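Visitor: Provide a 3D model corresponding to the input given below.
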Amino acid sequence: MDRKALLRCARFAIVPAAMAGLAWGRWHDKAPSPPGPAWPTVEGTISETRFRACDHGAAIAPEVTYTYLVDGRPHDGTLRFKASHCGTQSAAQDIVDAWPLGSTLPVHVDPRDASRSVVLVP
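Guide: Numbering: from 1, shown residues only. Below you'll find the predicted structure:
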């Protein structure tokens, strides 16, 4: 392969890789960072539980909504379980039963944006 052909091939590999890196960087800036020492923890309260359909077939997954206060202002968050938690109604109900309405949980709040939060699920 001559040098010009090699450079053309390299350009077709480098440009998409660079674009993918930029896209990941933009997504990464918007995605919640894992909580660390800088993320304050507040008490949240389970406010709603429901089920959602999964992408594959008749399986369902649980969703648990919680509320929390930061500087006196209310915020909502939702525990959305991964596709691996999709299953039968009874399996989803078992997860929901572990998070009863009105129960409390620790919520880690993004110090730059109080509307973003993370709950560590055991």
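Visitor: how is the protein carved up into domains?
Guide: Residue ranges for the domains of the chain, per automatic domain parsing: 1-31, 41-118.
Visitor: Helix or strand next in line after whichever strand or helix holds Tyr66, which one?
Guide: Using DSSP states H and E, Tyr66 sits within strand 60-70. Next helix or strand after strand 60-70 toward the C-terminus (DSSP H and E): strand 73-80.
Visitor: didn't Thr88 look like it was pressed against Ala59?
Guide: Yes. Using Cβ atoms under 8 Å, Thr88 is in contact with Ala59, at 7.4 Å. Quick note: C-beta positions are derived from backbone N, CA and C, even for glycine.
Visitor: Just want to know which of the two has more residues nearby.
Guide: Ala59 (16 against 11; other Cβ atoms under 10 Å).
Visitor: List the residues that contact the more buried one.
Guide: Neighbouring residues of Ala59 by Cβ atoms under 8 Å, 6 or more residues apart in numbering: Ala53, Cys86, Gly87, Thr88.
Visitor: mind giving me TSV with the residues you listed and columns for secondary structure, distance to Thr78 and pLDDT?
Guide: Formatted as TSV, the contacts of Ala59 follow (DSSP: H, G, I helix; E, B strand; the rest coil; distance: Cβ to Cβ, whole Å; pLDDT from 0 to 100):
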residue	secondary structure	distance to Thr78	pLDDT
Ala53	strand	16	82
Cys86	coil	16	77
Gly87	strand	19	81
Thr88	coil	21	80
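Visitor: out of those, which is most surrounded?
Guide: With neighbours taken as other Cβ under 10 Å, the top of those is Cys86, carrying 20 neighbours.
Visitor: low-confidence ranges in the chain?
Guide: Residues of the chain that meet the criterion pLDDT under 70 lie in 1-36, 56-57, 82-85.
Visitor: ranges for the helices of it?
Guide: Using DSSP state H, the helices of the chain run over residues 3-30, 89-97.
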